[in-house]
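# I'd like to go over a predicted model; first the sequence, then the structure.
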Amino acid sequence: MTIDRLVMAFAGCFILISLLLSHFHSSYWLWFTAFVGANLLQSAFTGFCPSAKLLKALGVKPGNAFD
């Protein structure tokens, strides 16, 4: 699996988990959902993604979006 796919998979999982936690535990978990969404948005414009940098350092094969 490439960095691109892992970043999108992690983001999707974090969003779904935080939505479940906001429904069953506390609505404050929606702030985490907003943080993940904002991070995805800024990485689309700047090309900088902290998760992609970490995965690259761990030796995961790069994809096309996060070189």
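Looks like it arrived, so ask away.

# hey, where'd the helices end up in the chain?
3-24, 30-46, 50-57 (DSSP state H).

# Out of these, flag the one nearest residue 63.
The closest of the helices of the chain to residue 63 is helix 3-24. By CB to CB, the value is 3.3 Å. Quick note: C-beta positions are derived from backbone N, CA and C, even for glycine.

# What angle do helix 30-46 and the closest one make with each other?
Orientation check (axes from the mean of the first three to the mean of the last three CA atoms, to 10 degrees): helix 3-24 against helix 30-46 gives 160 degrees.

# tell me the centre residue of the chain?
Central residue of the chain (CA atoms, centre = their mean): residue 11, 3.1 Å from the mean position.

# buried set for stretch 37-57?
Judged by neighbour count using 16 or more other CB atoms under 10 Å, the buried positions of stretch 37-57 are 39-40, 43, 49, 51-52, 55.

# Would you confirm that the residue nearest to the centre of the chain contacts residue 43?
No: using CB atoms under 8 Å, residue 11 is not in contact with residue 43, being 9.5 Å away.

# Turn the helices of the chain into CSV, including distance to residue 65 and mean pLDDT.
CSV is the format used below for the helices of the chain (distance: least, CB to CB, whole Å; pLDDT from 0 to 100):
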stretch, distance to residue 65, mean pLDDT
helix 3-24, 5, 94
helix 30-46, 9, 93
helix 50-57, 8, 91
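
# okay, these in JSON lines with distance to residue 64 next?
Listed next are the helices of the chain as JSON lines, based on distance: least, CB to CB, whole Å:
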{"stretch": "helix 3-24", "distance to residue 64": "6"}
{"stretch": "helix 30-46", "distance to residue 64": "14"}
{"stretch": "helix 50-57", "distance to residue 64": "12"}
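
# Residue 17: how many residues sit nearby?
14 (other CB atoms under 10 Å).

# sorry, that was for residue 36
19.

# Can you name the residues that contact it?
Counting by CB atoms under 8 Å, 6 or more residues apart in numbering, residue 36 touches 11, 14-15, 18.

# Among the buried residues of stretch 37-57, which pair sits farthest apart?
It's 40 and 55 that sit farthest apart of the buried residues of stretch 37-57, by CB to CB, at 15.1 Å.
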